[in-house]
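J.: Quick one: sequence plus predicted model below, questions after.
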Amino acid sequence: MLTAKQNFLETIKRGGKPDRIVKQFEGTVFLPGDPVALFVRGQRYMGMPPTKDKWGTEIMWPDGIPAAMPHVTEANKVIKDITCWRDFVKVPDLIANCSADELWEPYLERVRAVDRENNLVMAFAPTGVFERLHFLMGFEDMFINLMTEPEAMKDLADAIGEYRYRGMKLMVDHVHPDVLHSHDDWGSKQNLFIQPELWREYIKPQYAKAYGYVHENGVIIEHHADSFCEQIVEDMVDLHIDVWQGVLPQNDIVRIQKQLGGRMALMGGIDAAIVDRADATEEEIRTETRRVLETYCPNGNFIPCITYGGPGTIYPQGDQFINDEIDRYNREVYGIQA
């Protein structure tokens, strides 16, 4: 029987030979809270009071929400005029504030505590380029500015992309994690937020450099986008994304699997609206999990998972019954006990 680490690696590998279905984030140890994240974001927790990050964006995390979210209003938006965005934005200096080895030592102690024979260390790179754009000005201004002030928006996107690259480089150089779990939500449940051509002009080039460096250093890239991204899956492959985590069931997952042929693994598929409610029943959770197991997993390179950007459902019965149903499936199909 493969270890959880080995089984994860076989699952995401083209032509791999896993001996069972991976249970969500099984085989990886999620380690947020590195020096870059602490400097830019601070400590975050559900129910915390509103606070500002180093970019100046107000952040809230109300009870019952899976993650912290920006709270951008006309009054508090950081960028009031995109044509002079540098007057409003001071890009956090990661080199000056996050390079010292002693800053990384507490995080490295957590890394060293991981049993890396049986688990992969998964670092966290939150708030991607697209997300940062609307964090700074709100969705409406972002859409308008993309159409009316393309040069200024490209300049801002380039600055965010360079910042993103420096953060990932610091993580790779100091820690060399096995997996980098990187966030950037690029769409809604129905479509990309912007046309694919605009995404390729403004967003894709930023990741070419950052993900290129991560890939060149042998780190697995797990990109979270709980979004409809069918139109750009080939671009995601171009960017060396190994795993698309958070793939929503609104995507035609079976068609995407056939198109990709194992060039990028998919992780997600379980509808949070069904399984992660206070009143969700065991039967509902098991039925949705079984649908995913029987529909997507036989096609290979697929990990059934909640579509949130990290481990854990809001309501604990969600994870409990999802994982137990995957165990049942593994016993039935592979003859493997949990």
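T.: On my side now, so go ahead.
J.: pretty sure residue 104 is in a strand, no?
T.: No: per DSSP: H, G, I helix; E, B strand; the rest coil, residue 104 lies outside any strand segment and is helix.
J.: and it, how far is that from residue 48?
T.: 25 Å (C-beta to C-beta, to the nearest Å). To be clear about C-beta, it is placed using only N, CA and C from the backbone, and glycine gets the same treatment.
J.: more crowded one of these two?
T.: residue 104 (20 against 14; other C-beta atoms under 10 Å).
J.: thought that one was touching residue 174?
T.: Yes: with contact defined as C-beta atoms under 8 Å, residue 104 reaches residue 174; the gap is 4.6 Å.
J.: Kindly export the helix or strand containing residue 10 (C-alpha atoms) in CSV.
T.: Per DSSP states H and E: residue 10 is located in helix 4-12. Extracted in CSV, the C-alpha atoms of helix 4-12 (Å, rounded to 0.1, in the frame of the first residue of the first chain):
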residue,chain,number,x,y,z
ALA,A,4,-0.4,9.1,1.5
LYS,A,5,2.4,11.1,0.0
GLN,A,6,3.2,8.5,-2.7
ASN,A,7,-0.5,8.1,-3.5
PHE,A,8,-0.9,11.9,-4.0
LEU,A,9,2.1,12.0,-6.2
GLU,A,10,0.9,9.1,-8.3
THR,A,11,-2.5,10.7,-8.6
ILE,A,12,-1.3,14.0,-10.0
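J.: next one: that helix to chain centre, how far?
T.: 19 Å (C-alpha atoms, centre = their mean, to the nearest Å).
J.: packing partners for the next helix or strand after it?
T.: Downstream of helix 4-12, the next assigned helix or strand under DSSP H and E is strand 28-31. The helices and strands touching strand 28-31, judged by 3 or more C-beta pairs under 8 Å, 6 or more residues apart in numbering; DSSP states H and E, are helix 101-112, strand 120-125.
J.: Residues touching the first one, excluding its own?
T.: If I follow you right, that is helix 101-112. Outside helix 101-112, the residues within contact range by C-beta atoms under 8 Å, 6 or more residues apart in numbering are 31, 33-35, 121, 174-175, 177.
J.: quick one: buried residues of it?
T.: Within helix 101-112, the residues that qualify as buried by neighbour count (16 or more other C-beta atoms under 10 Å) are 103-104, 107, 111.
J.: related to what we said a few turns ago, what's next to the helix holding residue 10, contact-wise?
T.: 2, 16-22, 26-28, 116-120, 220, 242-243, 265, 301-303.
J.: That one vs strand 120-125, what angle?
T.: Put simply, helix 4-12 runs at 70 degrees to strand 120-125, going by axes from the mean of the first three to the mean of the last three C-alpha atoms, to 10 degrees.
J.: what is the mean pLDDT for helix 4-12?
T.: Across helix 4-12, the average pLDDT comes to 98.
J.: And the helices in the protein?
T.: Secondary structure of the chain, counting by DSSP state H: helices at 4-12, 35-41, 94-98, 101-112, 129-137, 139-148, 150-174, 196-202, 204-216, 233-238, 253-260, 272-275, 282-295, 316-334.
J.: Determine which of those approaches residue 84 most closely.
T.: helix 150-174 (8.3 Å; C-beta to C-beta).
J.: Would you mark the buried spots in the closest one?
T.: 152-153, 156-157, 159-161, 163-172, 174.
J.: ok so, going back, okay if I get the buried residues of helix 101-112 as a markdown table plus distance to residue 214?
T.: Listed next are the buried residues of helix 101-112 as a markdown table, based on distance: C-beta to C-beta, whole Å:
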| residue | distance to residue 214 |
| --- | --- |
| 103 | 20 |
| 104 | 17 |
| 107 | 17 |
| 111 | 16 |
